[in-house]
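**Q** Here is my input, please return the structure:
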Amino acid sequence: MRAYRVAEVNGKVKPSRIVVADSMFDAVRQYARCRVVHIEGPLFASSRENPVRFACVNEGAHAGRHFIAYQIGREF
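**A** Sure thing, here's the model as predicted:
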């Protein structure tokens, strides 16, 4: 388990949240509550200066939402 900081970015960055999960995909899924796909960024070398970008692929109200995430802690 690792700690990740996740935030929604649609025009401007909304408040972020710390999520503990097995992978960055799981952390973003927990935060977004939708299916996500990796858009750009290094999955294993992420940082605050170089976050990973994800997009929600669900249809309906969640469609088109974008998120950034990066690892903030070591393995638990």
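**Q** How far does stretch 30-39 stretch from one end to the other?
**A** Between the opening and closing residues of stretch 30-39 we find a distance of 18 Å, counting by Cα to Cα, to the nearest Å.
**Q** again, but for stretch 40-53
**A** The separation between the terminal residues of stretch 40-53, taken as Cα to Cα, is 5 Å.
**Q** For it, which residues meet the burial criterion?
**A** Buried residues in stretch 40-53, defined by neighbour count with 16 or more other Cβ atoms under 10 Å: 41, 46, 51, 52. Bear in mind the C-beta positions are built from the backbone N, C-alpha and C, glycine included.
**Q** got the contact list for it?
**A** For stretch 40-53, the surrounding residues in contact (Cβ atoms under 8 Å, 6 or more residues apart in numbering) are 5, 9, 24, 38, 39, 66, 67, 68, 69, 70, 71.
**Q** Strands along the chain, start to end?
**A** When secondary structure is read from DSSP state E, the chain shows strands at 2-10, 12-13, 17-21, 36-40, 52-56, 66-71.
**Q** Please tabulate the ones you listed in TSV, including the columns distance to residue 28.
**A** What follows is the strands of the chain, written out as TSV (distance: least, Cβ to Cβ, whole Å):
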stretch	distance to residue 28
strand 2-10	6
strand 12-13	15
strand 17-21	8
strand 36-40	5
strand 52-56	5
strand 66-71	5
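**Q** If anything else comes up later, I'll come back, but that's it for now.
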